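> Sequence first, then the predicted structure, then my questions.
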Amino acid sequence: MSEEEKPHTFSILVENRFGALARIAGLFSGRGYNIESLSVNHTLDPNVSCMTIVTKGNEEVLEQIEKQLNKLIDVVSVEDITLASHIERGLILMRVKADHAGRCALIQILESFQGRILEMTPSTVSLELSGSPEQLDSFIEIMKEFGILELSRAGRTAIRRC
């Protein structure tokens, strides 16, 4: 992946208005930009939500995205935090095959990634794990050996470091 194609993380504050998410997603799709990851939730102010959007593009495209986002009526602020020191995390919920013999190894691996078991049956384990995108990708690769039955991956969320 070239330097120009690296993912960029935008932190966007938006007013909580009907259709705000649709307008922002429409801006991306209407201009042919892809959203790699999207996470939205309330802030401490109930009238404002924070959106974390991860997208790819060259410097010109990323500048255009930021300018276009700033023009939307619901947008309070836009910040590309990619180059700033920040913390970025994702979440995985997963159900994996785990017979009695393989369960101990699975649990040790999960603990090394600081994950959590949510539920166990005689043949499966349901788990959760949060971490950096790279950590989650590594974990998924390891779990493929056990047999992933179901996987749900939430969009990334990010904040600037202090």
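Structure received. Numbering: from 1, shown residues only.
> And the helices in this structure, which stretches?
20-30, 59-71, 100-112, 133-143 (DSSP state H).
> For Phe10, find the nearest of those helices.
Closest to Phe10 of the helices of the chain, according to Cβ to Cβ: helix 59-71, at 7.1 Å. Yep, even glycine has a C-beta here, placed from its N, CA and C like the rest.
> The closest one: which residues count as buried?
For helix 59-71, burial by neighbour count (16 or more other Cβ atoms under 10 Å) applies to Val61, Leu62, Ile65, Gln68, Leu69.
> that older thread, could you dump the helices of the chain to CSV with mean pLDDT?
Below are the helices of the chain laid out as CSV (pLDDT from 0 to 100):
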stretch, mean pLDDT
helix 20-30, 92
helix 59-71, 92
helix 100-112, 93
helix 133-143, 96
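> Kindly reformat those helices as CSV containing distance to Arg156.
Output for the helices of the chain, formatted as CSV (distance: least, Cβ to Cβ, whole Å):
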stretch, distance to Arg156
helix 20-30, 16
helix 59-71, 16
helix 100-112, 21
helix 133-143, 6
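> closest to Glu88 out of these?
Ranking the helices of the chain by distance to Glu88, with Cβ to Cβ as the measure, places helix 133-143 first at 7.0 Å.
> For that closest one, which helices and strands make contact with it?
strand 86-97, helix 100-112, strand 124-131, strand 148-160 (3 or more Cβ pairs under 8 Å, 6 or more residues apart in numbering; DSSP states H and E).
> Give me the angle between that helix and strand 124-131.
160 degrees (axes from the mean of the first three to the mean of the last three Cα atoms, to 10 degrees).
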